[in-house]
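Colleague: Give me a 3D structure for the following:
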Amino acid sequence: MGTGTGNADGYYFNINGFFYGQEGTSTKVKLCTGISSYKCFKNDKPLKQKLYVGIIETDIEFEDLIELAATTYGESSLGRKNTVQKERKEGEKMVKYNVEVDIKDSELRLEARALACCVFNYKNKRDHDNYVKSVRVVYNPIISQVIKDMGAFAQGKPNYKVLKKKSKTPELFNKMQQFHIEAGLLAHIRDQQKKGKLKGISTIQDFANGALLWDGVDLKDNYNNHEKVNNGYFVSNEKHNVLGIKSKKITIDSSKPKNDKDRFVKDSVQCYDLRSKKDVSFAEKKCYSYKYATTCGHAKSMFVKLSDEYEAAIIHSLREKTDNTYILNPWW
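Modeller: From the prediction side, this is the model:
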């Protein structure tokens with residue numbers, strides 16, 4: 001008996017990242033709930049037909065999904081250890097000591113989801129800020145360019161290369177690699193849902209809680225020289241503090257720009273604030289103590305957004321009333 005797949009065309013996954021098969025020539029990802037089969041006849045010969053069940057069409061390109069999953073896999077904490085403090089009795093005293101333990105799969109899975117959502121949050125934030133600033137240019141590059149713009153350099157890391165290589169035989173993804181395929185799918189689906197697509201799927205949450213960027217153990221190892229720390233880093237909840245670092249406060253008066261790059265209006269100019277829709281003077285703009293504020297922490301990764309006070313002080317598109325010119329001060 002022969003076999004066939006009917007009109008199936010594309011890469012078929014379930015929403016948890018399990019790969020069912022690739023058919024035809026389409027490069028799009030299709031969501032399905034499983035596979036069934038039935039018998040039919042072709043040219044009077046019996047044919048066993050494979051049928052993908054519960055198909056949902058998407059605009060997700062397979063290569064984009066793999067690039068995102070390989071990046072989060074490369075950036076993940078897989079292989080690292082958590083330090084757990086325990087006690088033991090020595091003579092009459094209880095002595096504390098540290099033990100290195102594997103990071104739980106559940107934490108690595110949440111980390112993968114947050115990393116993937118973070119990429120789209122970054123892209124959408126730049127889209128939004130461009131719109132508010134009236135640039136009218138949509139920031140819509142391919143996923144690999146977004147990742148590059150974020151400053152994530154996973155391409156040289158072993159896990160990135162492993163997942164990219166294995167994408168030629170996706171049926172061989174192991175459990176941890178499947179976590180990152182799942183994370184990439186959920187982030188892509190959430191992005192499409194925000195655009196009014198994929199309405200047949202339950203709403204996907206933002207696992208990064210609004211984060212735009214992330215850091216791993218380098219944040220702790222290079223704390224004193226880290227760019228984010230030296231621009232003001234606020235640990236907004238100790239549950240986020242998986243690296244065990246401290247907040248660092250700075251004081252910057254945004255009415256006195258440090259250099260020409262930061263100077264987006266002259267000190268004496270009266271401006272119109274596009275967000276509050278009020279006339280303000282530059283001298284009245286607020287100071288900020290923290291540029292970054294944490295949103296969550298999983299495994300050995302901490303995720304941050306721009307702090308509310310930084311947004312209030314700096315990320316305002318201001319318009320000079322004299323010549324109607326838009327002045328840009330991009331945060332990226």
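Colleague: can you give me the strands for the stretch 151-300 of the chain?
Modeller: Taking DSSP state E, counting those that start in this stretch, the strands of the stretch 151-300 of the chain run over residues 213-215, 233-234, 252-253, 270-273, 278-281, 287-288, 292-298.
Colleague: list the buried ones in the helix or strand just after the longest one?
Modeller: Once the chain leaves strand 292-298, the next helix or strand it forms, by DSSP states H and E, is strand 301-306. Of the residues in strand 301-306, 301-306 count as buried by neighbour count, 16 or more other C-beta atoms under 10 Å. Just so you know, the C-beta spots here come from the backbone N, C-alpha and C atoms, and that holds for glycine as well.
Colleague: How about stretch 211-221?
Modeller: Neighbour-count burial for stretch 211-221 flags 211-216, 219-220 (criterion: 16+ other C-beta under 10 Å).
Colleague: repeat for stretch 97-107
Modeller: Under the neighbour-count criterion of 16+ other C-beta under 10 Å, stretch 97-107 has 103, 107 buried.
Colleague: Quick one: mean pLDDT for that stretch?
Modeller: Stretch 97-107 shows a mean pLDDT of 87 in the predicted model.
Colleague: Show me what that stretch is in contact with.
Modeller: The contact list for stretch 97-107 (C-beta atoms under 8 Å, 6 or more residues apart in numbering) reads 77-78, 80-88, 175-176, 179, 298-300.
Colleague: any idea how far that stretch is from the chain center?
Modeller: Distance, stretch centre to chain centre, for stretch 97-107: 24 Å (C-alpha atoms, centre = their mean, to the nearest Å).
Colleague: Break down the stretch 151-300 of the chain into its helices, ranges please.
Modeller: 158-166, 175-194, 218-221, 227-230 (DSSP state H, counting those that start in this stretch).
Colleague: So the residue nearest the centre of the chain versus K175, what's the distance?
Modeller: The geometric centre of the chain, computed from its C-alpha atoms, lies nearest to C118 (C-alpha atoms, centre = their mean), at 1.9 Å. To K175, C118 is 22 Å away according to C-beta to C-beta, to the nearest Å.
Colleague: Break this protein into its domains for me.
Modeller: Structural domains annotated on the chain: 2-62, 211-332, as defined by automatic domain parsing.
Colleague: least reliable of those domains going by mean pLDDT?
Modeller: domain 211-332 (a mean of 73).
Colleague: and the longest helix seen in the chain with helix 175-194, angle?
Modeller: In the chain, assigned by DSSP state H, the helix with the most residues is helix 105-132. Between helix 105-132 and helix 175-194, the angle comes out at 30 degrees (axes from the mean of the first three to the mean of the last three C-alpha atoms, to 10 degrees).
Colleague: now the angle between helix 105-132 and the helix or strand following helix 105-132, please.
Modeller: Using DSSP H and E, the helix or strand that follows helix 105-132 towards the C-terminus is helix 143-150. Between helix 143-150 and helix 105-132, the angle comes out at 80 degrees (the same axes, to 10 degrees).
Colleague: Now helix 143-150: buried residues?
Modeller: Buried positions in helix 143-150, judged by neighbour count with 16+ other C-beta under 10 Å: 143, 146-147, 150.
Colleague: Report all helices and strands that that helix contacts.
Modeller: If you count contacts as 3 or more C-beta pairs under 8 Å, 6 or more residues apart in numbering; DSSP states H and E, helix 143-150 packs onto helix 62-75, helix 105-132.
Colleague: let's see it at 10 Å
Modeller: helix 62-75, helix 105-132, helix 175-194 (3 or more C-beta pairs under 10 Å, 6 or more residues apart in numbering; DSSP states H and E).
Colleague: ok, and which of these has the densest surroundings?
Modeller: Mean neighbour count, computed with mean count of other C-beta atoms under 10 Å, is highest for helix 62-75 among these, reaching a mean of 25.
Colleague: On the C-terminal side of that helix, identify the next helix or strand.
Modeller: Later in the chain than helix 62-75, the nearest helix or strand by DSSP H and E is strand 81-90.
Colleague: ok, residues contacting that following strand?
Modeller: Contacts to strand 81-90, defined as C-beta atoms under 10 Å, 6 or more residues apart in numbering, come from residues 93-104, 107, 242, 244, 299-300.
Colleague: need the helices and strands packed on helix 143-150 in CSV with distance to V229, can you?
Modeller: Shown next, in CSV, are these (distance: least, C-beta to C-beta, whole Å):
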stretch, distance to V229
helix 62-75, 19
helix 105-132, 19
helix 175-194, 27
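Colleague: mind checking which of these is nearest Y292?
Modeller: Between Y292 and the helices and strands packed on helix 143-150, the tightest spacing by C-beta to C-beta is seen for helix 105-132, at 13.0 Å.
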